[in-house]
Structure formats: structure tokens, C-alpha cells
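1. show me how the following folds:
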Amino acid sequence: MHLSDITHPNQLHGLSVRQLEQIALEIREKHLQTVATSGGHLAPGLGVVELTLALYQTLDLDRDKVVWDVGHQAYPHKLITGRYNRFHTIRQKDGLAGYLKRGESKFDHFGAGHASTSISAALGMAIARDLKGENFKCVAVIGDGALTGGMALEAIDHAGHLPKTNLLVVLNDNEMSISPNVGAIPRYLNKLRVSAPIQFLSDNIEEQLKNIPFVGESISPELARVKEGMKRLAVPKVGAVFEELGFTYIGPVDGHNLAELISTFEGAHKHPGPVIVHVATTKGKGYTIAEKDREGYHAQTPFNLATGKSIPASKPKPPSYSKVFADTLIKLAEHDPSIVAITAAMGTGTGLDKFQTAFPDRYVDVGIAEQHAITLAAGLATQGMRPVAAIYSTFLQRAFDQIVHDAAIQHLPVFLCLDRAGIVGADGPTHQGMYDIAYLRCIPNMVLMAPKDEGELQRMVVTGINYTDGPIAMRYPRGNGYGVPLMDEGWEELPIGKGEILRQGDDVLMIAYGSMVHPTLQAAQLLSEHGISATVINARFAKPLDTELFAPLARSIGKVVTVEEGCLMGGFGSAIAESLLDLNVVVPIKRIGVPDILVEHATPDESLGSLGLTSSQIAETVRNTFFTQKPVAIGV
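-> A predicted model of the protein is given here:
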């Protein structure tokens, strides 16, 4: 059987180890060729090929449920669940999603793009199964990185107190950090532990001891203590922790040995209650270049498969916003020892890996723990430090309570830097930075700002560092800047809540925020070609708003357009409309932004086009709203 013949995972049943090994080779080949051509997540999926095949050979996927944490490690899962022929479309518009998606396949039992959710979801399925009197297996596959998230630990704590609820957690440990003393011997001991004859022997001996006259009852407590002590000797230290939390621990198991994996999973399924199987894998397995650079090849743009090098752009690009942010912060930190940079497992993505190199003692990576990151920052702020928490917009959503409770209420100067705000492209709805304007502007004591380009970002970094009256947030987009001149130092901070007029006109007032300022300027130029003159304001701040600047202009011009790269509901345009109403400035307002929909995966340009956020579309919307004569409705 070949990979291309597999349309249902149950076709793996009965295949020999040699046949599965051949399919594993084909999965890696297809995975590598696809990502090399179109980009995508690489190393995570390569590391779980054998794990996936072995697990699915022991499950009935018509009944049993598997939850993959995050989902970027589930490319092999997609290839053996009927999506081989469409795999080349992954992460492309109208193609397969880069993560799991319930609407895409009946085998995607739970969708996720954020980490640490799998155990909670699988436990929920298991509890529902038991309440309904049904009988199927529930499995969560979680990486050791996602296990750093508090939500995963909360789920483990809960599951461990449900000894009658059958749940299998597969820990995909791809850090290769297992020490020599937890190798072959612990694996052998765990084979004994899952062996039915040995379990019978243990139970039988206990029963015989209990039946000894005048001895059985008195020896039982001691016997229990002896058994617990032997258990601790039989498992690695990390395993003992899971055992204490109520799980049966099995492992570590060689994650690339199909025979051992199959045997282990078959044994684990027979254990009642919550079970954890610790599987040691190599991230990037089968592609030497990725194995040597596991972080760099976590995800890749199109690259040369032979050399591993990315295919260069046709022309040089300006620096990315993330790079400009990190370089500016490093320069400021050279003169300010109170600056501390915080990231939640995204040091490279946010550019803070450079900060780590320059100031290792003032760099904090908390792991996948955004809630902890914000409260940690608040604690630092109480001691006069200047905490800078650089977190993707989509992930900061997870720390909303900490922003309110620990930073805003206490007026603590925590500087939130929201990378990947707005459209992010191929990662899809789980990663779009759509909601930060709406969920942050409703918080008292919060300041919100967004730069129009990378030059203004430098000034906003200084502004955020110098602001001490409470929390302040700066959002900025994914990708490259506009190539505007940058300064090496000497940046001036911006006055809080003050915007600027970039273009003047009498026909329409256009107020843009952050990444939409330049497209709005271009739209104004297109409107001028149709005889429409526009005033364009770079708002800079969504909170507080510069009402002194735009309210008089709105009253005199009489037509207002707001433009933002975020959700319209509760967003920047809503803030402008509310403020004008509060000032009794009643004029027609057209809000342009992201409507009440989930933005699916596509390139950023494709998404912006489908949402009407290109400069030509903005201009057309303005014309159709205010400057095209419409028929008058006749009343009845």
C-alpha cells in the first residue's frame, strides 16, 4: 500500500511495521516537497510521523477521538485522513488549513491554533462519553512546549482527580533532553508495568498477603507504601510527578520505533483512568538540515530542498516591523538598565532573540504562558523596572484578565507590544490579530497606539518606555515596513493622544489608524483624480482620541470615513463614532475595516482584497458612499 492509496486512517490496521515504515518515508517526502514549494510548518510534522502511524493503527478513527495540540504538528494526520490529493493547497486561499479545522474533515475532532488546549478538550470529550454511556477512546497529543502553558497543567490537575475517566495523553517530547538514566531500563520497566501477566502477578501476591490470618489487615498499609516506593523507583523523576497527579505514566518511548510505539499504545489503551505516554521524538526527523536547526525550520517560506536555503525575494525588502522594534529597544536598553524584555515562547518571532544576546539577564521567556507574562510584568513594574511584553496580538487575548486586574486597575506601567496585529495571512482565523483594538480600548487607564510606518514605530517605542501613568499598548503588523528613513538614536516621544494631519481637503475627512494610514493616503490620491479632495488624519492613538483635532473638521466637512485593520465591532471606527456622538457632532460616518466574520487563511494581500481594504477599494467605497448619486426611495 502507498500513501496515495490511503483515504481513511483505518486502512493502517493490519499493516506490518515494514509497510508502515514505507508509508512514513512517503509522508516525509510529500511533506518536504510541499513545504519547500509553498511554505508552511516543517519540523513539527516531520517529528511525529511514526507517532501518528502507530497511534492510528491502535485506534478506530470512526469512533475514537484524537485532539492534536496547536495542530501544526498534524500534517501527517492530514495526509492519512483523505487529504493527500489536496495537500499541495495547504495554507493557500481556498485550500487546506495549516491547522486542524472541524469543518475540513470529520477526523479533525477539535480545531486549534493556540497551544495547551488539547488535554482540556479531550477530557471534555471523555466526560461527555461517560455521561452518555458510550465507549470510545479519547487521546490528546501535546508537545513538551505546549505543556508549559498553564491551561495544560490545569487540565492535568483535573484529569488526575478522575480515576474512572479513561483518557490517554501522548506527550511528544522533541527536545531530546532525556538523560541517559531514563533510556532503555525505564522503557523495559514500563513494558513490565503494562504487561497483563505482571499486573496479574502483582494483584495476586497482594491478595495472598491480605488473606494471611492475623497479618493481612495489618500489612495492607505497609504494602501500599512499599508499592508506591517501588513505583517511584520504576519511573523517571518526571514520571513520578505525573503519577503523583493521578496519571499512569509510561515512557519515555522511542518516538521513531514503530514496533515499540504500537506495543506501548496497545498497552496504554488497556489501562483504566488517565494515562500519559511520554514519547521522545526528533523535531525535523528525516531532514538533516531541519534536525540541526529545529527552531529555524519550525516553519519555512519556500526553500531549496537540497540546500535548505530560502528562495530569495526578487528585490531587497525594507526591514520588518519586528526587527525595527527589537533594534530600537536594544538601543534604548543600552542607556536604561530598567528595561526588561518579556516574551511568551516567541523570542525569534518578536525579534527579542537579539535582545537576549545583548542583555541575557534582562530577557525573560516564560514559555507558552501569556497570563503569567503579564502579571510578571506587573510585578516588575511595581519595583521600578520598565517591562516590555512583546506578544502576538492573537496570543495576548489569553491574558485579558491579567491586563485588567493586574496592570490597569493598579495603574502599573506595563508596555504591551502587539506583534502580528491585523491580517497575518496563511495561519488563518486562529492567528489573525483582529480584536486587540476592541478588547483593549474598553479597559480604563489603558493607552492604545499604532504606527503608520516603521519610522513612527521607533518613536512609539520611546513613548511606551517613557509612559508611567499606567499600561500602554502598541500594535504593529506582520511583515516589512515601507522603507522610510530610520534613525539610529535620538528619537522623540509622541504626545499622548495626539494625531497629525497628513493631507488637507474639503470634501471628506478620512481618519486612519496604524497600518491603514498609507493605503488611506493612496486612496485620497485616487479620489483627487475624480475631483474629490480629502483630509487625511493619522490618528496614532485609538485611546485617548485626539478629538480636538478631528471633531471640528468632522463638523465643518460633514463626511467622515474611518479606516482600520481590525474588527469593526467595538474597534477604532466605533471609538470615533462614539466620541463624535458624545460631542453632539452628528454627521454621516462610514467605517471601513473587518466585518463580523472570521478571516480565513490566504496571503495578506488576498485577505485585504477580499475585505475591501486595498487603497483602490477604499477609494471606491468612499465614492459609492458619499459621492455617487443614489435614487431616492419613494415613501408609501
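2. ok, which stretches of the stretch 51-200 of the chain are helices?
-> Per DSSP state H, counting those that start in this stretch, the stretch 51-200 of the chain carries helices over the ranges 75-79, 118-131, 150-159, 184-193, 196-210.
3. lowest average pLDDT across those?
-> When mean pLDDT is averaged over each of the helices of the stretch 51-200 of the chain, helix 184-193 scores lowest at a mean of 34.
4. touching, Gly40 and Ala426? I think so.
-> Yes - counting by Cβ atoms under 8 Å, Ala426 is a contact partner of Gly40 at 7.4 Å. In this view, the C-beta of every residue, glycine as well, is placed from N, C-alpha and C.
5. overlap in contacts of the two?
-> Arg91, Gly98 (Cβ atoms under 8 Å, 6 or more residues apart in numbering).
6. quick one: buried residues of stretch 357-368?
-> Phe359, Arg362, Tyr363, Val364, Asp365, Val366, Gly367, Ile368 (16 or more other Cβ atoms under 10 Å).
7. quick one: the closest residue to the second one other than its chain neighbours and Leu376, what's the gap?
-> Counting by Cβ to Cβ, 6 or more residues apart in numbering, Arg362 lies nearest to Val340, which is 4.9 Å off, once chain neighbours are set aside. Relative to Leu376, Val340 is positioned 9 Å away (Cβ to Cβ, to the nearest Å).
8. what is the least confident helix or strand in this protein?
-> For the chain, scoring each helix and strand by mean pLDDT, DSSP states H and E identifies helix 184-193 as the least confident one, at a mean of 34.
9. which residues touch the helix or strand hosting Lys30?
-> In this structure, Lys30 sits in helix 17-38 according to DSSP states H and E. Residues outside helix 17-38 that contact it (Cβ under 8 Å, 6+ apart): 1-4, 6, 12, 15, 40-42, 45-46, 49-50, 53-54, 57, 75-76, 79-80, 84, 87-88, 90-92, 258-259, 262, 285-287, 300, 302-305.
10. which of the residues you listed are buried?
-> Buried among the contacts of helix 17-38 by 16+ other Cβ under 10 Å: 3, 6, 12, 15, 40-42, 45-46, 49-50, 53-54, 57, 75-76, 79-80, 84, 87, 90-92, 258, 262, 285-287, 300, 303.
11. from Ala128, how far out is the residue nearest to Ser310 when sequence neighbours are not counted?
-> Closest residue to Ser310 apart from its sequence neighbours, by Cβ to Cβ, 6+ apart: Phe303 at 4.8 Å. Look at Phe303 and Ala128: by Cβ to Cβ, they are 43 Å apart.
12. ditto for Leu502
-> For Leu502 relative to Ala128 (Cβ to Cβ), the value is 55 Å.
13. quick one: which of the two has more around it?
-> Leu502 (17 against 12; other Cβ atoms under 10 Å).
14. please confirm that that one is located within a strand.
-> Yes - per DSSP: H, G, I helix; E, B strand; the rest coil, Leu502 lies within a strand segment.
15. check contacts around it.
-> Residues in contact with Leu502 (Cβ under 8 Å, 6+ apart) are Val517, Leu521, Val536, Ile537, Asn538.
16. please list the members of the residues you listed that lie in strands.
-> Val536, Ile537, Asn538 (DSSP state E).
17. out of these, flag the one nearest to Gly351.
-> Set against Gly351, the nearest of the ones in strands among the contacts of Leu502 by Cβ to Cβ is Asn538 (24.1 Å).
18. what values do phi and psi take at the spatially most central residue of the chain?
-> Centroid-nearest residue in the chain: His114, 3.9 Å away (criterion: Cα atoms, centre = their mean). As for His114, its main-chain torsions (degrees, to the nearest 10) stand at phi -100, psi 150.
19. among the contacts of Leu502, which pair sits farthest apart?
-> Leu521 and Ile537 (10.6 Å).
20. now do the shared contacts for those two.
-> Leu502, Ala512.
21. which one of these two is surrounded by more residues?
-> Using other Cβ under 10 Å as the criterion, Leu521 and Ile537 rank with Ile537 on top: 25 against 18.
22. quick one, what contacts the more buried one?
-> Gly499, Glu500, Ile501, Leu502, Leu509, Met510, Ile511, Ala512, Asp546, Leu549, Phe550, Leu553.
23. thinking again about what came up before, want to throw the contacts of Leu502 into CSV with distance to Pro163?
-> Below are the contacts of Leu502 laid out as CSV (distance: Cβ to Cβ, whole Å):
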residue, distance to Pro163
Val517, 58
Leu521, 64
Val536, 65
Ile537, 62
Asn538, 60
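24. okay if I get those residues as a markdown table plus pLDDT and distance to Arg478?
-> Compiled in a markdown table, the contacts of Leu502 are given as follows (pLDDT from 0 to 100; distance: Cβ to Cβ, whole Å):
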| residue | pLDDT | distance to Arg478 |
| --- | --- | --- |
| Val517 | 98 | 17 |
| Leu521 | 98 | 21 |
| Val536 | 98 | 24 |
| Ile537 | 98 | 25 |
| Asn538 | 98 | 20 |
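25. residues making contact with stretch 317-326?
-> Here stretch 317-326 has contacts from 327, 349-352, 354-355, 390, 417, 419, 454, 457-458, 461, 476-484, 486, using Cβ under 8 Å, 6+ apart.
26. burial measure for Lys309, as a count.
-> Residues contacting Lys309 under the criterion other Cβ under 10 Å number 10.
27. and the pLDDT for Arg294?
-> For Arg294, pLDDT reads 80.
28. so it: helix, strand or coil?
-> Strictly by three-state DSSP, Arg294 counts as coil.
29. wait, it touches Leu46, no?
-> No - Arg294 lies out of contact with Leu46 (Cβ under 8 Å); the separation is 9.9 Å.
30. who touches both of those two?
-> Joint contacts of Arg294 and Leu46 (Cβ under 8 Å, 6+ apart) are Lys283, Gly284.
31. joint contacts of Val340 and Leu376?
-> Common neighbours of Val340 and Leu376, using Cβ under 8 Å, 6+ apart, are Val364, Pro387.
32. gap between the closest residue to the residue nearest to the centre of the chain other than its chain neighbours and Ala54?
-> Residue nearest to His114 in three dimensions, not counting chain neighbours: Thr430, with 6.3 Å by Cβ to Cβ, 6+ apart. As judged by Cβ to Cβ, Thr430 and Ala54 stand 28 Å apart.
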